[in-house]
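J.: Any chance you could fold what I've pasted below:
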Amino acid sequence: MDVLSAIKGRRSIRKYSDKPVEDEKLHKVLEAARLAPSAINKQNWKFVVVKDSEIRKKLVEYAIGQPFVGQAPVILVCCGTKPDSIMRCGQPRYTVDLSIATAYMILEAYEQGLGTCWLGSFDENKVKEILGIPEKVRVVSITPLGYSDESPIPTPRKELEEIVCYDKYK
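T.: Model prediction:
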C-alpha cells in the first residue's frame, strides 16, 4: 500500500472487536513512532501501551466517557517528555513531535489492518495519575488500537482550492 492510499483509506474507528492485537503488529505501529521525525532529532517522547483491561476501563471515564476507548484491546498514550522546549517559530516542540509520531502510528496501524481514533478529549491530569506519568510530562494524544468492528464512510474533505494558496496568503 502506498502512503496516499493509506491516508485516503484510514478512518476514525469507534467500534472495536475483542480480537487481540498481535505483538508483531503492535511492534510495527510503535516502530513507526520511533522512526518519526522530531525537532533536532531529540525524540523527547514516551509511549505508554495500555493492555490491562482494568486500566483501560479507568481511562474510558477520563476520555469523556467514550466507551469505544475501552473496547479496543490496546490504548496508546503519547507523551512529551520535554514540554518546555520551544522551536524558533514559537511552537512547543513536544506537540509537533507527538502529532507527527501519532500520525505515523495511525497510518501504520491502518497498514496492519488495525483501527485507531485520535483522541484529544481527555482529562490529562487523571490520565497521568492512572498511568503514573510524571507531572512535568505532557500527554498529547491517546488512541485506542484494535480491529475495527465497523466500516465508517469517508468524511467530506474540502477541495484543494479552498485550503491552498500560492506565493501569498489569500
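
J.: When you work out contacts or count neighbours from here on, use the C-alpha atoms and nothing else.
T.: Will do.

J.: The spatially most central residue of the chain and S85, how far apart?
T.: Most central in the chain under Cα atoms, centre = their mean is T102, positioned 3.9 Å from the mean C-alpha point. For T102, the distance to S85 (Cα to Cα, to the nearest Å) stands at 19 Å.

J.: repeat for G70
T.: 33 Å.

J.: Let me see the contact set for the closest residue to L114 other than its chain neighbours.
T.: Distances taken as Cα to Cα, 6 or more residues apart in numbering place Y147 nearest to L114, at 4.9 Å, with adjacent residues excluded. Y147 sits next to 16-21, 72, 113-115 when contact means Cα atoms under 8 Å, 6 or more residues apart in numbering.

J.: if you set the cut-off to 6 Å instead, what comes out?
T.: By Cα atoms under 6 Å, 6 or more residues apart in numbering, Y147 lies in contact with 16-17, 114-115.

J.: Weed out the non-buried ones from those residues.
T.: Buried by 16 or more other Cα atoms under 10 Å: 16, 114-115, out of those.

J.: Give me the subset of those residues that lies in strands.
T.: Counted as lying in strands by DSSP state E, out of those, are G115.

J.: could I get the buried ones among the contacts of Y147 as JSON lines with distance to I133 and pLDDT?
T.: What follows is the buried ones among the contacts of Y147, written out as JSON lines (distance: Cα to Cα, whole Å; pLDDT from 0 to 100):
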{"residue": "Y16", "distance to I133": "26", "pLDDT": "97"}
{"residue": "L114", "distance to I133": "26", "pLDDT": "98"}
{"residue": "G115", "distance to I133": "25", "pLDDT": "97"}
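
J.: Tell me the one among the buried ones among the contacts of Y147 nearest to I153.
T.: G115 (13.8 Å; Cα to Cα).

J.: Wait, that closest one touches S148, no?
T.: Yes: using Cα atoms under 6 Å, G115 makes contact with S148 at a distance of 5.3 Å.

J.: Now tabulate the buried ones among the contacts of Y147 in TSV and tack on distance to V137.
T.: As requested, the buried ones among the contacts of Y147 are exported to TSV (distance: Cα to Cα, whole Å):
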residue	distance to V137
Y16	29
L114	28
G115	27
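
J.: Cheers, nothing more for now.
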